[in-house]
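>>> Need a 3D model of the following:
(one chain, ligands or ions: 2)
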Amino acid sequence: MIRSTLPVLLALSSSLICAQTQVPQEVEAVYPDAHSLYLDLHEHPELSAHETQTAAKLAEQFRKAGYEVTEHVGGTGIVAILKNGAGPTIMLRTELDALPVEEKTGLPYASKVHTKDDRGQDVPVMHACGHDLHMAAIVGTAEVMAHSKSTWHGTLILIGQPAEETIGGAEGMIRDGLFTRFPKPDAAVALHVGNELPAGMVSITPGIYNTNSDSVRITIYGKGGHGASPHTTVDPIVIAARTILTLQTIVSREVKPGEMAVITVGQIHAGTKNNIIPDQAEMGLTVRTYRQDVRLQVIAAIKRIAKAEAAAAGAPREPAVEHYEGTDAVYNNPALAERLRAPLEAALGKSNVITAPPITPSEDFSFFVEQGVPGFYFSLGGADPQKFAEAKASGEHLPSNHSPLFAPDVDPALHTAIDAEVAVLRNLLQGSSEQFKKYGSTPQP
Ligand SMILES: [Zn+2]
Ligand SMILES: [Zn+2]
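Numbering: from 1, shown residues only. Ligands and ions are numbered 1, 2, ... in the order given. Next comes the predicted model:
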């Protein structure tokens, strides 16, 4: 029974996907190899900064396709270059890493891998973010581009970046000379698969694509003592409780309505026993924002509130507020994003390219963009179109990236990824480098 028009529209759009996705012969030709690489990578995932076998597999494929390959750039990173005359230099990036997640998809090629993490603990490993699909796509794209050198000119740089999940791999490659030992790109491209869109579709987000992410640790100092004699102590647990509640007023009372900001206290540690008042409490926060001015406003408010709550309770010392990790939002130059809409529509069909609002997770692709390289980061549909339509109709959510159940609909998603990447690269690898000067890499205030 049809309960709303949405499922009909979705069913219609998925039949359109089938009708419109006349996958070009050049993509079909490379697909079997890309698909078997996908299965292999999925079954053999490696944790962040330990992607040695993964990187070696990619390096081998790029070499076979005729690229000049350099390994061990910023750890396990790889750089593959194909020169094809004068013209722009364009970079396409994939991540290499998987996550400490136990796969529960039940797929025949599900990962059963366990390994030791950096703390020496046994952990399961799974490509729960879909980076295996990005890698299979980039290898397929590498082959198509190598086979069709008359359709583009310039320098194509493909990179395999380690340690995206732990935020550090992009910076590591830059520090190891990504943009000095190798040609600096005029623009950089990446995509990410997810269940927010059905397979066969892509979405474009001109401007800010995702969030600034900041990790903040607050240590509140009190005065410990007997749980039965609170009057002789300054209880840091009570200060922490009040601080958490006051922190929740930053978004609701201080940030301008409509501006995006999230403050989550995801960790709180204090005390050892019910009848002991400890002398300190520690909290871990994640802060997400789109705009830089809102980011600075929120972090300043967190510091102000933490200090004021401690002072109000008569704490013997100001709390320590440490900003210990952060990555900036990925910025898509709007003019560059709009330029790439046409080639994507031509390749995938007009109805399979939509505009989407920014997302809340974070990503270290911003490190490349901040080196003055205009970026285009777009989203690739990964959901089985049928399941997507059913989930929309029932109001449920399909498993998100990082879920033990995350399983993209590989056939349509991987075909679309290769098709989309080739279309974008061919559009960018025309004319000269000069044309890219007009695309800024930072948002206008
Ligand atoms: Zn991820
Ligand atoms: Zn990811």
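
>>> distance between the helix or strand hosting residue 91 and the chain's centre?
Taking DSSP states H and E as the definition, residue 91 sits inside strand 89-95. Remark: strand 89-95 is offset 14 Å from the chain centroid, using CA atoms, centre = their mean, to the nearest Å.

>>> what's the answer for stretch 405-416, then?
For stretch 405-416, the distance to the chain centre is 17 Å (CA atoms, centre = their mean).

>>> sec struct for the closest residue to residue 68 other than its chain neighbours, please.
Once flanking residues are discounted, residue 68 sits nearest to residue 81: 4.8 Å by CB to CB, 6 or more residues apart in numbering. C-beta coordinates here come from the backbone N, C-alpha and C atoms, glycine included. Here residue 81 is strand, with the state taken from DSSP: H, G, I helix; E, B strand; the rest coil.

>>> List the contacts of the most centrally placed residue in the chain.
Nearest to the geometric centre of the chain sits residue 363, at 3.9 Å (CA atoms, centre = their mean). The neighbourhood of residue 363, defined by CB atoms under 8 Å, 6 or more residues apart in numbering, consists of 164, 192, 209, 210, 327, 330, 377.

>>> Isn't residue 208 up against residue 443?
Yes: counting by CB atoms under 8 Å, residue 443 is a contact partner of residue 208 at 6.3 Å.

>>> Export the helix ranked longest in the chain to PDB, keeping only CA atoms.
With secondary structure taken from DSSP state H, the chain has its longest helix at helix 292-312. Output of helix 292-312 as PDB, limited to C-alpha atoms (Å, rounded to 0.1, in the frame of the first residue of the first chain):
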ATOM      1  CA  GLN A 292      34.900  29.700  11.800                       C
ATOM      2  CA  ASP A 293      33.400  32.700  13.800                       C
ATOM      3  CA  VAL A 294      30.900  30.400  15.500                       C
ATOM      4  CA  ARG A 295      33.600  27.900  16.200                       C
ATOM      5  CA  LEU A 296      35.700  30.600  18.000                       C
ATOM      6  CA  GLN A 297      32.600  31.900  19.800                       C
ATOM      7  CA  VAL A 298      31.700  28.400  21.100                       C
ATOM      8  CA  ILE A 299      35.200  27.500  22.300                       C
ATOM      9  CA  ALA A 300      35.500  30.800  24.100                       C
ATOM     10  CA  ALA A 301      32.100  30.200  25.800                       C
ATOM     11  CA  ILE A 302      33.100  26.700  26.900                       C
ATOM     12  CA  LYS A 303      36.200  28.200  28.600                       C
ATOM     13  CA  ARG A 304      34.300  31.000  30.200                       C
ATOM     14  CA  ILE A 305      31.600  28.700  31.600                       C
ATOM     15  CA  ALA A 306      34.000  26.100  32.900                       C
ATOM     16  CA  LYS A 307      36.000  28.800  34.800                       C
ATOM     17  CA  ALA A 308      32.900  30.600  36.100                       C
ATOM     18  CA  GLU A 309      31.200  27.400  37.400                       C
ATOM     19  CA  ALA A 310      34.400  26.400  39.200                       C
ATOM     20  CA  ALA A 311      34.700  29.900  40.700                       C
ATOM     21  CA  ALA A 312      31.000  29.900  41.700                       C
END
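
>>> And for that helix, what's in contact with it?
212, 214, 216, 218, 220-221, 239, 242-243, 246-247, 250-251, 254-256, 259-261, 263, 285, 287, 289, 317-319, 321, 323, 328, 443, 445.

>>> Secondary structure class of residue 218, three-state.
Going by three-state DSSP: residue 218 is strand.

>>> Verify the stated contact: it with residue 318.
No: with contact defined as CB under 8 Å, residue 218 does not reach residue 318; the gap is 10.9 Å.

>>> out of these two, which sits in the more crowded spot?
residue 218 (27 against 13; other CB atoms under 10 Å).

>>> ok, which stretches of this protein are helices?
Using DSSP H, the helices of the chain run over 5-20, 25-43, 52-64, 131-147, 169-175, 236-249, 292-312, 334-348, 366-369, 385-394, 410-428.

>>> Can you give me the buried ones in stretch 79-98?
79-84, 87-98 (16 or more other CB atoms under 10 Å).

>>> For it, measure first residue to last.
Length of stretch 79-98, first residue to last, CA to CA, to the nearest Å: 19 Å.

>>> Need the nearest residue in space to residue 225, chain neighbours excluded.
residue 233 (3.7 Å).
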